[in-house]
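**Student:** kindly generate the corresponding structure for this input.
(one chain, ligands or ions: 1)
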Amino acid sequence: MSKRLRVGVLTGGGDAPGLNAVIRAVTKSLILRHDAEVIGIEDGFLGLIEKRIRPLAYGDVSGILTLGGTILGTHNKANPFSYFNRGGADVSAEVIKYTRSLGMDAIVAIGGDGTMSIAAKLQERGLNVVGVPKTIDNDIVGTSRTFGFDTAVSIVTEALDRLHTTAQSHQRVMIVETMGRYAGWIALHAGVAGGADVILIPEFEYDLEEVVKVCKDRESFGRSFTIIVVAEGARVRGGGMTVDRQVTDSPDPIRLGGVGRVLQLGLEQSIKSEVRTTILGHVQRGGTPTAYDRNLASVFGSYAAKLVEDGAFGQMVALDEGRITTVPLESVANKTRRVPTDSPVLQAALAVGTSFGNPNLTFTLDNAALMA
Ligand code: F6P
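**Tutor:** You can find the predicted model right below:
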């Protein structure tokens, strides 16, 4: 009798809505099609370093499709190639030995660029790994969408809708600061969906005078409220990003935050209207995933299970123009996918007169390209 397929599953990096939907899809597919043994690895790669695992039976993943967070826990500092609890020591050989001792045929690693980078290195050293791209930031190269993004955009859009009514009532300038790290996807998509007047994203430096001009123009038209969405990584021309803190033992130590307040202080020097700032923070990552994210997570999870069955290791599941495909793990590691100028959503914003605080950014696409 042949040995049962044994597959580990872990969630690494920051959490995102839809992680549980992936865990469920991977586990159920492998059990139903192969009677596989699925092993949950706790707190990302930390579980492999500290030997914390647990079996995942079919019943363990029932009822988790709609849950935010991750039933396995996650960790954004756990890196076997630089273990924070042992002064940055490389413990990858121990991790590989432990994984082999468990008889694991493969690991499904669900995470962002940092997780994919670790996965690629473990694959190179002989473990079989399949990646699933996760992040609310939507900034992983090789895939046009990550699960978690749609939920974050919905949360920000709802906040913008709510802030619109109070901004209008008080004739205030309302600044909303979003997450997104070094990419402006969340701010752009929510800003367009929420009808923001100004959207500031890291991809295009902004001029404070341009933002002042929008507020003043609106005042002169009798609309003295303005909605501004600013991504946490946005930069004023010639300036740097606004750093909230440094998390020294994290693979990406910089935590952005505070750009909304910086912008507020700048605007208050030049305009009459009151200015207020709302920082949405981790609210964007919490709670139940949208239907879109549940679907995408389920598709990614079941496809990852298929890759394991087919022995197609060293690959990350990806979405390419609506079709599911794969890209090599190493092509994704430590890279960032940023908003291009020909993004249809960016162009749609420009077409309706939304300001990006940057006079060089103008509408360039024809309608055919917009609909593509
Ligand atoms: O990558 C997801 C993300 O939420 C970013 O948008 C944000 O910059 C960062 O993680 C926040 O990290 P932490 O949860 O460690 O504060």
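
**Student:** find the nearest non-adjacent residue to Leu67, please.
**Tutor:** Asn20 (4.7 Å; CB to CB, 6 or more residues apart in numbering). From N, CA and C alone the C-beta is placed, and that goes for glycine too.

**Student:** can I assume that neighbour sits in a helix?
**Tutor:** Yes: with DSSP: H, G, I helix; E, B strand; the rest coil as the criterion, Asn20 is part of a helix.

**Student:** distance check, it against the ligand.
**Tutor:** 17 Å (CB to the nearest ligand atom, to the nearest Å).

**Student:** in this structure that residue contacts Thr74, no?
**Tutor:** No: counting by CB atoms under 8 Å, Asn20 stays clear of Thr74, with 11.3 Å between them.

**Student:** residue contacts, the closest residue to the ligand within the stretch 151-300 of the chain?
**Tutor:** Using CB to the nearest ligand atom, the closest approach of the stretch 151-300 of the chain to the ligand is made by Met179 at 3.1 Å. By CB atoms under 8 Å, 6 or more residues apart in numbering, Met179 lies in contact with 136-137, 152, 186, 231-232, 280-282, 284-285.

**Student:** what's around Met253, how many residues?
**Tutor:** To be clear, residue 253 is Pro; Met isn't right here. Per other CB atoms under 10 Å, the neighbour tally for Pro253 reads 12.

**Student:** which SSE is Ala120 in?
**Tutor:** helix 113-124 (DSSP states H and E).

**Student:** Lys335 touches Ala120, doesn't it?
**Tutor:** No: counting by CB under 8 Å, Lys335 stays clear of Ala120, with 11.3 Å between them.

**Student:** more neighbours: these two, which one.
**Tutor:** A direct count of neighbours by other CB under 10 Å for Lys335 and Ala120 places Ala120 higher, at 22 against 14.

**Student:** can you report phi and psi for Val9?
**Tutor:** The phi and psi torsions at Val9 (degrees, to the nearest 10) take the values phi -130, psi 140.

**Student:** offset the numbering so it begins at 22, please.
**Tutor:** Understood, numbering begins at 22; the last thing we discussed is Val30.

**Student:** just give the number of residues close to it.
**Tutor:** With neighbours defined by other CB under 10 Å, the count for Val30 comes to 27.

**Student:** surely it meets Gly132?
**Tutor:** No: between Val30 and Gly132 there is no contact under CB under 8 Å: 11.3 Å.

**Student:** residues in the stretch 22-171 of the chain within reach of the ligand, list them.
**Tutor:** Contact residues, the stretch 22-171 of the chain versus the ligand (CB under 6 Å from any ligand atom): 35, 97, 156-158.

**Student:** want to throw those residues into TSV with secondary structure?
**Tutor:** TSV is the format used below for these (three-state DSSP):
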residue	secondary structure
Gly35	coil
Asn97	coil
Thr156	coil
Ile157	coil
Asp158	coil
